[in-house]
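# only geometry, no sequence info:
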């Protein structure tokens, strides 16, 4: 079986199971909150920056923060969301 290259044009959607864009990377979770009580300082964070943490570290963060907004993040997820918003057919490979 011979596969032709995946189309890169967003003007026409490829027929399934072909995708115009496939993302390969790790899924990240963005957690956004308003820092009303200087929670960043108590957690050892730099304000207005990104810090990667592991799942087992979440409890102290949630305890120190007020209400949060959670959304998928990371460059791959953001790129795929952008392509989908423009009407492209996209998906992801790998990760859990």
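Structure received. On a predicted model such as this, the values are computed, not experimentally measured, just so you know.

# Isn't residue 27 up against residue 77?
Yes. When contacts are counted by CB atoms under 8 Å, residue 27 is listed as touching residue 77 (6.4 Å). In short, each C-beta sits where N, CA and C put it, glycine included.

# Looking only at neighbour counts, state which of those two leads.
Neighbours were counted for residue 27 and for residue 77 using other CB atoms under 10 Å; residue 77 has more, 20 against 14.

# show me the contacts for the more buried one.
Counting by CB atoms under 8 Å, 6 or more residues apart in numbering, residue 77 makes contact with 23, 25, 27-28.

# any idea how far it is from residue 71?
Computed as CB to CB, to the nearest Å, the residue 77 to residue 71 distance reads 9 Å.

# Look at residue 70 and report its pLDDT.
On pLDDT, residue 70 comes in at 90.

# these two touch, right, it and residue 30?
Yes. Taking CB under 8 Å as the definition, residue 70 is a contact partner of residue 30 at 7.0 Å.

# so where's this protein shaky on pLDDT?
1-19, 91-96 (pLDDT under 70).

# Point to the residue nearest the middle of it.
residue 73 (2.1 Å; CA atoms, centre = their mean).

# For the closest residue to that residue other than its chain neighbours, which three-state class applies?
Distances taken as CB to CB, 6 or more residues apart in numbering place residue 30 nearest to residue 73, at 3.4 Å, with adjacent residues excluded. The assignment at residue 30 comes out as strand when based on DSSP: H, G, I helix; E, B strand; the rest coil.

# coming back round to it: of the contacts of residue 77, which belong to strands?
23, 28 (DSSP state E).
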